[in-house]
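Undergrad: what would the 3D arrangement of this be:
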Amino acid sequence: MPVEHRPAAAGRPELHIHRSPKRRRSASAAPEGGRIVVRLPAGLEQAEEERLIDDLVDKVTRRRSRDRLGGDAALEARARRLAQRHLDGVAFSSVRWSARMGRRHGSCTPATGEIRISDRLAQAPTWVLDAVLVHELAHLLAPDHGPDFAALVARYPQAERARGWLEGFAAGQLASATPSDDQGDQAGSSPEGSSDEPSPESSPR
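TA: Numbering: from 1, shown residues only. The predicted structure follows:
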């Protein structure tokens, strides 16, 4: 079948869409040069196909944004600088990107010192990312959201501005986004849904 070419538009790169009757259930996407190549089963309903394309392209875009920021090592170094500057050098065990945060921007486990940041924020302004990192770091000193926690978060000068940005971002996600999980720079999914486990190409369980 012929390849469908979609030009770059609205922040999305050029797409080359391949539909194959040999594919029964699985779909994948991967960057090739400046475009993303999407491979789909033939015969999907249009609405389901568009949902699947959006999901796959989002996974690839998020992974590329993470890589441009330097991955987990750079995120951890960024958190360490923020901890020193705003939170008296609070110690943590790890800070890493997560593709499984759903609608959450970040999470912290005070008992282990582990912090996870949604990889959707790899595309956010850096001052927003920093605000989320400070928020999660503050939980290492104040696990709840009481007055002590609020005072710690307020040490970051753009905390309130970032809160407004995140509220708008969350509203946009609820209006138009579909849940997705990162599966590497080549992303895999299925017409019926996405797997939680990273895989170049996956089928529904």
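
Undergrad: hmm, residue 119 is touching residue 62, no?
TA: Yes - taking Cβ atoms under 8 Å as the definition, residue 119 is a contact partner of residue 62 at 4.8 Å. The way it works is simple: take the backbone N, C-alpha and C, and place the C-beta from them, glycine included.

Undergrad: longest single helix anywhere in this protein?
TA: The single longest helix within the chain, with elements called by DSSP state H, is helix 46-68.

Undergrad: which elements pack onto that helix?
TA: Contacts defined by 3 or more Cβ pairs under 8 Å, 6 or more residues apart in numbering; DSSP states H and E place helix 46-68 against strand 14-20, strand 27-32, strand 35-41, strand 187-189.

Undergrad: next up, the contacts around residue 106.
TA: 115-118, 121, 132-133, 135-136 (Cβ atoms under 8 Å, 6 or more residues apart in numbering).

Undergrad: which residues does it form a beta bridge with?
TA: residue 117 (DSSP bridges).

Undergrad: distance check, it against residue 92.
TA: 12 Å (Cβ to Cβ, to the nearest Å).

Undergrad: give me the low-pLDDT residue ranges for the protein?
TA: Low-confidence segments of the chain, defined by pLDDT under 70: 1, 11, 172-205.

Undergrad: circling back to that earlier point, what is in contact with residue 106 and residue 92 at once?
TA: Joint contacts of residue 106 and residue 92 (Cβ under 8 Å, 6+ apart) are residue 115.

Undergrad: residue contacts, the residue lying closest to residue 39 once chain neighbours are set aside?
TA: The spatial neighbour of residue 39 that comes closest, neighbours along the chain excluded (Cβ to Cβ, 6 or more residues apart in numbering), is residue 18 at 4.7 Å. By Cβ under 8 Å, 6+ apart, the contact set of residue 18 is 1, 3, 37-40.

Undergrad: repeat that for 10 Å
TA: For residue 18, the contact set (Cβ atoms under 10 Å, 6 or more residues apart in numbering) comprises 1-4, 27-28, 37-40, 42.

Undergrad: pull out the buried residues from those residues.
TA: 27-28, 37-40 (16 or more other Cβ atoms under 10 Å).

Undergrad: hang on, the earlier thing: can you lay out the contacts of residue 18 as a markdown table showing distance to residue 101?
TA: Converted to a markdown table, these look like this (distance: Cβ to Cβ, whole Å):
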| residue | distance to residue 101 |
| --- | --- |
| 1 | 36 |
| 2 | 38 |
| 3 | 34 |
| 4 | 32 |
| 27 | 23 |
| 28 | 22 |
| 37 | 27 |
| 38 | 24 |
| 39 | 27 |
| 40 | 26 |
| 42 | 33 |
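
Undergrad: most widely separated two among these?
TA: 2 and 28 (18.9 Å; Cβ to Cβ).

Undergrad: what about residue 79, how many neighbours?
TA: Residues contacting residue 79 under the criterion other Cβ atoms under 10 Å number 24.

Undergrad: nope, residue 74 is what I was after
TA: By the criterion of other Cβ under 10 Å, residue 74 has 14 neighbours.

Undergrad: helix, strand or coil for it?
TA: helix (DSSP: H, G, I helix; E, B strand; the rest coil).

Undergrad: list the contacts for it?
TA: By Cβ under 10 Å, 6+ apart, the neighbours of residue 74 are 66-68, 97.
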